[in-house]
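Peer 1: Requesting a structural model of the entry that follows:
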Amino acid sequence: MIAAIAMCMLFLMPPNIVVSCGNYDILHFFRLAQYVCVAVAFAAYLIRGRHTSFSVLVLLYAVFGLVTTVAGGGPILGGVRSLLPTVAAILLAYSLADRHRAELLWGVLWICSLLTLVNVVVTLIVPIGTPLLHELSTTTFLGNRNSFSRYYLSALFASALLDHPSGRLASPRTIAILVLSVVQSVLAFSSTSFVELVFVAVGYCMIRNQRLRKVLTASMYAVVCLAFFFLFVIFRVQGLFGIVIEGVFGKRLDFSGRTDIWDKAIEAMDGEHLLLGYYKGHSTPLGLVLGEPCWTAHNAILDLLVWGGLIALILVLGFVGVVCWRLFETRGMRLSAVYSLCLGANFIGGLMESIMFPYFGFFVGLAYADPLLRTGDKPSGPHLRARVPLNRSKSFS
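Peer 2: Numbers count the residues shown, from 1 in each chain. Take a look at the predicted model:
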């Protein structure tokens, strides 16, 4: 089961080299495997999933995403590839959490730790800028350096959530992953990923205090990040933070050209595309970056608006809001605080990048369905324990 989960997540979010290597056979294999994994996730939901407001909102997001594809004149499989991997990760975690919480987390831990470790080794051995493994000065075989945190933070939170039933604050495994994450961040520095990593490290220490846990909730993080969205993206007051942005992080006040992309994203929201957005395939309203079509609005909210319209934005805010409310209701529990920290880190990343990727979806689904949030912070059965079952560690079906 653990190996199956790990492989499923690998195919739902393959490393960038699968596309950049230019080998059609490899790309075709991964696409077919991705379709299978999407089908497996939906089957798991049909067999074990419960129909709740959360799952209904997730499914509606999938349906309207495919409607956007059709309305934009795109092939249905194009919509499946761009949208359903994240939905599949949500449904997989949501449907299997009751009986296979530990296996889900071990699967994500293994695949994300392995990819992060390989990325660190490749970055050390192969100089940045070398063709194939490093297309540009900002990329490795995993993709753009801004996306590295999607892997190492997923490994870090999977490990922390596995530590929880034992009562430990952080196991040697979790500390080792944190060190690996820091090394990765230093080797290929990204201001966004660095802020996320510092936020997680500081926040994880703070949530040891029960009073602080009741304040440091996913809802609070969401409100703060929403405020920064309006300050930076809409009202452009980053000049007030020039000392930090330019002095500390060495970045321009246009956030490496993102403000131009934000302007194009806002301009693209005309009457024709406001509800359903654009199909992410034929052309992009976001113009060119480094001579190539730009396929991301470099902001979670704008990205949802451009590629899914108001409907997609409302539905995502809906099911993420349901999870935030659940975590608010259990805000005194340390487990709830860890999930809130996970969502908060992704909200921070969402100020500069999209957050609708499979690992974010995985933790959103697990946060809603985690049985430990319903059993008073204590494991209630053998399937909730954090250790790898000896008779399952080698299985793959």
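Peer 1: Please work out the average pLDDT along stretch 230-245.
Peer 2: Summarised as a single mean, pLDDT over stretch 230-245 is 84.
Peer 1: And the helix or strand containing F360, how far out from the chain middle?
Peer 2: Mapping F360 onto the secondary structure by DSSP states H and E places it in helix 358-369. On the basis of C-alpha atoms, centre = their mean, to the nearest Å, helix 358-369 is displaced by 9 Å from the centre of the chain it belongs to.
Peer 1: Name the nearest residue to I348, sequence neighbours excluded.
Peer 2: Counting by C-beta to C-beta, 6 or more residues apart in numbering, E196 is the residue found nearest to I348 once chain neighbours are left out, at 5.2 Å. For every residue, glycine as well, the C-beta is placed using N, CA and C.
Peer 1: Check F54 too.
Peer 2: Counting by C-beta to C-beta, 6+ apart, F54 lies nearest to V322, which is 4.7 Å off, once chain neighbours are set aside.
Peer 1: For the one you found, give me its contacts.
Peer 2: By C-beta atoms under 8 Å, 6 or more residues apart in numbering, the residues touching V322 are S53, F54, L57, Y368.
Peer 1: The residue nearest to I348 and A345 touch, don't they?
Peer 2: Yes: between E196 and A345 there is a contact at 4.7 Å, judged by C-beta atoms under 8 Å.
Peer 1: Show me the common contact partners of these two, please.
Peer 2: With contacts defined as C-beta under 8 Å, 6+ apart, the residues adjacent to both E196 and A345 are S149, L153.
Peer 1: List the neighbours of stretch 43-63 that are in contact with it.
Peer 2: Identification of contacts with stretch 43-63 by C-beta under 8 Å, 6+ apart yields 83-84, 87, 90-92, 94-96, 98-99, 308, 312, 315-316, 318-319, 322-323, 365, 368.
Peer 1: next one: it to chain centre, how far?
Peer 2: Relative to the chain's own centre, stretch 43-63 is displaced by 19 Å; criterion: C-alpha atoms, centre = their mean.
Peer 1: Over to stretch 221-239?
Peer 2: Mean C-alpha position of stretch 221-239 versus that of the full chain (C-alpha atoms, centre = their mean) differs by 20 Å.
Peer 1: One more: stretch 6-17?
Peer 2: Put simply, stretch 6-17 sits 13 Å off its chain's centre (C-alpha atoms, centre = their mean).
Peer 1: Show me what the mean pLDDT comes to for stretch 71-87.
Peer 2: The average pLDDT within stretch 71-87 is 91.
Peer 1: Same question for it: list its buried residues.
Peer 2: Buried positions in stretch 71-87, judged by neighbour count with 16 or more other C-beta atoms under 10 Å: 71-72, 74, 78-87.
Peer 1: what does it rub up against?
Peer 2: Counting by C-beta under 8 Å, 6+ apart, 12-13, 31, 34-35, 37-38, 41, 58-59, 61-62, 65-66, 68-70, 276, 278-282, 307, 356-358, 360-361 sit against stretch 71-87.
Peer 1: correct me, but L335 touches L162?
Peer 2: No: between L335 and L162 no contact is recorded; they are 11.4 Å apart, counting by C-beta under 8 Å.
Peer 1: Can you read off the pLDDT for the residue nearest to F54?
Peer 2: The per-residue pLDDT reported for V322 equals 97.
Peer 1: Can you select the buried ones from the contacts of stretch 71-87 in PyMOL?
Peer 2: Here is the PyMOL command that selects the buried residues among the contacts of stretch 71-87 (16+ other C-beta under 10 Å):
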select buried, resi 12+13+31+34+35+37+38+41+58+59+61+62+65+66+68+69+276+278+279+280+281+307+356+357+358+360+361
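Peer 1: So which of the contacts of stretch 71-87 sit within helices?
Peer 2: Assignment to helices by DSSP state H places the following of the contacts of stretch 71-87 there: 12, 31, 34-35, 37-38, 41, 58-59, 61-62, 65-66, 68-70, 307, 358, 360-361.
Peer 1: Low-confidence ranges, the protein, go.
Peer 2: Applying pLDDT under 70 to the chain flags the ranges 127-139, 248-250, 290, 375-397.
Peer 1: And the strands in this protein?
Peer 2: For the chain, applying DSSP state E gives strands covering 139-140, 143-144, 288-289, 292-293.
Peer 1: May I have the strands that pair with the third one, each with its orientation?
Peer 2: Here the strand partners of strand 288-289, with direction, are listed using DSSP bridges: strand 292-293 (antiparallel).
Peer 1: now the second one
Peer 2: For strand 143-144, the pairing partners within the sheet under DSSP bridges are strand 139-140 (antiparallel).
Peer 1: and D370, how far is that from L66?
Peer 2: Distance of D370 to L66, computed by C-beta to C-beta, to the nearest Å: 29 Å.
Peer 1: actually Q184, not the one I wrote
Peer 2: Q184 sits at a distance of 35 Å from L66 (criterion: C-beta to C-beta).
Peer 1: And T296, by the same measure?
Peer 2: Here T296 is placed at a distance of 20 Å from L66 (C-beta to C-beta).
Peer 1: now do V198
Peer 2: Computed as C-beta to C-beta, the V198 to L66 distance reads 38 Å.
Peer 1: residue boundaries of the helices in the stretch 201-350 of the chain?
Peer 2: Counting by DSSP state H, counting those that start in this stretch, the stretch 201-350 of the chain has helices at residues 210-213, 218-228, 242, 258-268, 300-329, 334-349.
Peer 1: Redo those as TSV? Include distance to R374.
Peer 2: Shown next, in TSV, are those (distance: least, C-beta to C-beta, whole Å):
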stretch	distance to R374
helix 210-213	18
helix 218-228	17
helix 242	47
helix 258-268	39
helix 300-329	10
helix 334-349	11
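Peer 1: how about these, which one is nearest V118?
Peer 2: Ranking these by their distance to V118 (criterion: C-beta to C-beta) puts helix 334-349 first, at 21.6 Å.
Peer 1: CA atoms of the closest one as CSV?
Peer 2: Taking C-alpha atoms only, helix 334-349 is exported to CSV below (Å, rounded to 0.1, in the frame of the first residue of the first chain):
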residue,chain,number,x,y,z
ARG,A,334,-1.5,20.1,18.3
LEU,A,335,-2.4,17.9,15.3
SER,A,336,-4.8,20.6,14.2
ALA,A,337,-2.1,23.2,14.6
VAL,A,338,0.3,21.1,12.4
TYR,A,339,-2.3,20.9,9.6
SER,A,340,-3.0,24.7,10.0
LEU,A,341,0.8,25.3,9.6
CYS,A,342,0.8,23.2,6.5
LEU,A,343,-2.0,25.1,4.9
GLY,A,344,-0.5,28.4,6.1
ALA,A,345,2.9,27.6,4.4
ASN,A,346,1.0,26.9,1.1
PHE,A,347,-1.0,30.1,1.5
ILE,A,348,2.3,32.0,1.7
GLY,A,349,3.5,30.3,-1.4
